[in-house]
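**Q** Build the 3D model from these lines:
(one chain, ligands or ions: 1)
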Amino acid sequence: MDKLKFLLKSLLLMIAFFNTNASVAQVYEKNIANYILNIENPYSFLQRIEKIGIKEVGNKALDSAYLWLVKTVEQVGYKPNTQKFLYNKDTLRNIEFIKRGDSDSCIVIGAHYDSKVGPGVNDNGTGNFALYQIAKWVKNLRTKYTIRFIYFSGEEIDYLGSKYYIKNRNKDSVKIKFMLNLDQLGGTLGEDNSGIKCERDESSSKKDISSELTVTLARFFSLYTNLNPKITPAYLSDYLSFRDSGCVITGLYQYSSFPYYHTESDLLIHVDLAALQSIVKGALAFILDVSKAEVPAGVYSLPPSTNDINVYNTGNELMVISNQPFILKIYDYLGHQINQQQVFNSDTKISLIEFKAGVYFAYVCTRQNVICKKFLVKE
Ligand SMILES: [Zn+2]
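**A** A predicted model of the protein is given here:
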């Protein structure tokens, strides 16, 4: 009997020990690892962002982007609020929607949706996609903290939308734990996107808390993705408005630089969609943990890894090997679509004989994954 008591006591001590450790450093949780597999393929979302066009203040595309983003959020079950404000004679609109938690204390997740010169697939369609996916996948989970999602307008004109939001918030009802900024998460296709920049405040009085939070954010990428986190300073985006109003901030930024930034070539063909998908998975894992979400222990069917899709250029033919249906799209170097087809049975071959010499991009999109291969057709 005494022996049994001793064993029981030891067991309880062990449990207490592991619990204490868990509250200090995050540990890998299978439920979270499974749940983030829900993150969808960014292709069609970004294709829409590209199609809407250049979203500058005062133009129609910015209004179209506003309407479309409102619709996507409503379809997921949120009731978005529009916050209107004026810039000269133009009306700008922030879109806010709220995931209520048990506590009013909130996490703000922000991403601007205006663009500059180009359609802004990378800057900031990628951030919009990330925000949308996090919102979609926390929607039906119970969370301790409230999450406020905001699509900001006017970021490209001195952070107008975020400045307006933070200045006009009701301080009694909007109690911000911290703000997570999502701006440019794709990286350049074909470049090294093996990392992710986790950004912290290095100047305000809240810098130590920001730094600690950002280390936590980084840890989620090490735990749940194949991306290597790197801590960098917060720089040129909406979180600076929050920092300047005394909030704790953190942010994410792509690893490779994007040479098409603020040009008309900020297009889908240049964005690394696989890197984006991994970044969104890491960001969702972080939000699930910090909001104290009750993540279901459901059994998720593992989506096939990208390794199950392969593209080979044999010289005369492009061969796609896949174990599931896919859409194949081929673009030339200027972004013109050359070919599109849906393939329901597994493998396919495309003859390259009619193709002019040059560089092409083949996108293979399945329900969960997208891969892109650059290939060369020689004379
Ligand atoms: Zn941006």
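**Q** Please make it C-alpha for all contacts and neighbour counts, starting now.
**A** Noted.
**Q** and the residue lying closest to residue 309 once chain neighbours are set aside, how many residues sit next to it?
**A** What sits nearest to residue 309 in space, not counting adjacent residues and going by Cα to Cα, 6 or more residues apart in numbering, is residue 322, at 4.5 Å. Residue 322 has 22 neighbouring residues, counting by other Cα atoms under 10 Å.
**Q** now do residue 274
**A** Neighbour tally, residue 274, other Cα under 10 Å: 20.
**Q** try residue 291
**A** Counted with other Cα under 10 Å, residue 291 comes out at 20.
**Q** What of the one 5 residues further on?
**A** A total of 12 residues lie near residue 296 under the criterion other Cα under 10 Å.
**Q** before we move on, what about residue 168?
**A** As a burial measure, residue 168 scores 10 neighbours (other Cα under 10 Å).
**Q** And residue 377, by the same measure?
**A** For residue 377, using other Cα under 10 Å, the count is 16.
**Q** Distance check, the closest residue to it other than its chain neighbours against residue 269.
**A** The shortest distance from residue 377 to any non-neighbouring residue, by Cα to Cα, 6+ apart, is to residue 357 (4.8 Å). Look at residue 357 and residue 269: by Cα to Cα, to the nearest Å, they are 18 Å apart.
**Q** between those two, which one's more packed in?
**A** Neighbours were tallied for residue 357 and for residue 269 using other Cα under 10 Å; the higher tally belongs to residue 269 (25 against 12).
**Q** Now for that one: which residues touch it?
**A** Contacts for residue 269 (Cα atoms under 8 Å, 6 or more residues apart in numbering) come out as 189, 331, 335, 361.
**Q** Could you turn the buried ones of those into a PyMOL selection?
**A** In PyMOL, this line selects whichever of those come out buried by 16 or more other Cα atoms under 10 Å:
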select buried, resi 189+331+361
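**Q** Can you pull the poorly scored residue ranges out of the stretch 1-150 of the chain?
**A** Where the stretch 1-150 of the chain drops to pLDDT under 70, the residues are 1-25.
**Q** which secondary structure elements does the host helix or strand of residue 72 contact?
**A** Secondary structure assignment for residue 72, by DSSP states H and E: helix 60-75. The contact analysis (3 or more Cα pairs under 8 Å, 6 or more residues apart in numbering; DSSP states H and E) places helix 60-75 against helix 43-52, strand 90-99.
**Q** if we can go back for a sec, for residue 293, see how far away the residue nearest to residue 377 is.
**A** In terms of Cα to Cα, residue 357 sits 52 Å off from residue 293.
**Q** Against residue 77, how distant is the nearest residue to residue 47 once chain neighbours are set aside?
**A** Nearest residue to residue 47 in three dimensions, chain neighbours excluded: residue 268, at 6.8 Å (Cα to Cα, 6+ apart). According to Cα to Cα, residue 268 and residue 77 sit 28 Å apart.
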